[in-house]
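Enquirer: Can you look at this prediction? I've put the sequence above it.
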Amino acid sequence: MRCMDGYYGSYLLVAALLAIGVAVVAGAMMANRLLRPSRPTAEKLTTYECGVDPVGDGWAQSQVRYYVFTYLYVIFAVDAVFLFPWATVFDAPGYGVTTLVEMFVFLGFIALGILYAWRKRVLSWT
Amino acid sequence: MLDVVLRFAVILAIFLVLPLIVGQTEHKVMAHMQSRLGPMYAGGFHGWAQLIADGVKFMQKEDVIPAAADRRIFMIAPGVALVPYLVVLIALPVDDGFVGVDLELGLFFVLAVMGIGVLGAIMAGWASANKYSVLGGMRAAAQLVSYELPLVLAASSVAMAAGTLSLPGIVEAWQWWWLPWQAIGGVVFFMAGLAELRRPPFDMPIAESEIIMGPMTEYTGMRFALFMLAEYAGIVVLSFLTTVLFLGGWHGPLLPGWLWTLAKVFLLAFVVIWVRVSFPRLREDQLQKLAWAGLVPLALVQLALTGVVKVLT
């Protein structure tokens, strides 16, 4: 099979497996549809809230205390993505110590970011 | 073509059978650790068919979708949680020369696709329109953003050591002394992976005694079963990935390679169960603190260690 060789070919196989996965889920739901009863009542379709009638809307507001982590994550994750291409070549002949110094600069930046978050008291809630 | 069909058959077998074995092992191991017997009836011998019986039951149950729910998202969420774990398996080598597809960007691909699985829980939490579920979904999201970073950093340490992102390539480059060398990274990776799977002690988003299974509160029948399957498939994938990255995959004396891979996967799956029985659930702020003040710095130490040793030797 020529079409399965090479860079795009290998991802063609990934797409095929994805299709199989979707088919497995769809098949399970189809079998379920053939076998299951369907007798909906108003009570059954009520949102579950420990047995009492639900109060207000399900999409209730709550304080999300960890939104700051999201910022931290977005910044660091973008940094971390660049680690991967770097990781495969940093030891190549001619790089050596230079890339090692670069790595410590990178680690220093991340450590500084976490230290900043720590000083801002993001990490402790009480 | 036949070759590809065989590989896909093996991947599907791993995907559909291993989670059931891990699930049954969990029933039994947990039971005995807590001085119980666990399932004893289904199938006759020590309840071996319990999960099959569960599957048959789930198959026949009514599909209840709450009137208030966001129907379409609610319906596809279990699929989004489950399918990524199947797709990930394509890049994981079972034996020397036996892998679904040797992707050049294997490690990167695997981490990216594994992250999608968590989206299923977030979607389910939001679409249920239930206060407990929304809380659980938000916690799942928080856990994803906190633990993805140590996971990625620890994994890239292995990529540095091996000098490649291809997973078979990493196993091929593996030497026994990588065990102590990459030990910190291995522990960080495994713990962060547990947190991404929302397994105890990191099961704050599920917390059945507090927010009643969180994102899964409103799910019944087949869709709930798919979530359960996703959880155990996740354990298999995490154990598999840790085996490939940190424990040398198929390397080992005497026995054939695939048996070594399988043995290591089951050993790690046992640890996952053991940890569940041994540790209490972490509170949400403890959970965040462990990631940012514990695992991330440790992963950075591992990166420095890997870099220094690699350049000096």
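Expert: Arrived safely.
Enquirer: Around the residue of chain A found nearest chain B, how many other residues sit close by?
Expert: Scanning chain A for the residue nearest chain B gives residue A:58, at 3.3 Å (criterion: C-beta to the nearest C-beta). For the C-beta atoms, the positions are set from N, CA and C on the backbone; glycine is no exception. Neighbours of residue A:58 under the rule other C-beta atoms under 10 Å in any protein chain shown: 22.
Enquirer: For the residue nearest to it when sequence neighbours are not counted, give me its contacts.
Expert: If the residues on either side of it in the chain are set aside, residue A:58 comes closest to residue B:129, at 3.3 Å by C-beta to C-beta, 6 or more residues apart in numbering or on different chains. Residues near residue B:129 by C-beta atoms under 8 Å, 6 or more residues apart in numbering or on different chains: A:47, A:57, A:58, A:59, B:66, B:68, B:69, B:70.
Enquirer: What's the biggest helix in chain A, counting residues?
Expert: Ordering each helix of chain A by length in residues (DSSP state H) puts helix A:6-35 first.
Enquirer: ok, residue B:291 - contacts?
Expert: B:146, B:147, B:149, B:150, B:192, B:195.
Enquirer: hmm, the helix or strand bottoming out on mean pLDDT in chain A touching chain B?
Expert: When each helix and strand of chain A is scored by mean pLDDT, DSSP states H and E, helix A:67-89 comes last, with a mean of 80. Yes - counting by C-beta under 8 Å from any C-beta of the partner chain, chain B is contacted by helix A:67-89 at A:69-70, A:72-73, A:76-77, A:80-81, A:83-84, A:87-89.
Enquirer: Now do that helix: everything it contacts.
Expert: Residues contacting helix A:67-89 (C-beta under 8 Å, 6+ apart): A:95, A:99, A:103, A:106, A:109-110, A:113-114, A:117, A:120, A:122, B:107-108, B:142, B:145-146, B:148-149, B:152-153, B:156, B:159-160, B:163-165, B:288, B:292.
Enquirer: Averaged pLDDT, whatever helix or strand comes next after that helix. What do you get?
Expert: Proceeding N to C from helix A:67-89, the next assigned helix or strand is helix A:97-119, under DSSP states H and E. Averaging pLDDT along helix A:97-119 yields 82.
Enquirer: does chain B sit close to helix A:97-119?
Expert: Yes - using C-beta under 8 Å from any C-beta, helix A:97-119 reaches chain B at A:97, A:99, A:100, A:103, A:104, A:107, A:110, A:111, A:114, A:117, A:118.
Enquirer: quick one, that helix and helix A:67-89 angle?
Expert: Between the axes of helix A:97-119 and helix A:67-89, defined by axes from the mean of the first three to the mean of the last three C-alpha atoms, to 10 degrees, the angle is 170 degrees.
Enquirer: Residues in contact with helix A:97-119: which ones?
Expert: A:68, A:72, A:75-76, A:79, A:83, A:86, A:90-91, A:123, B:292-293, B:296-297, B:300, B:303-304, B:307-308, B:311.
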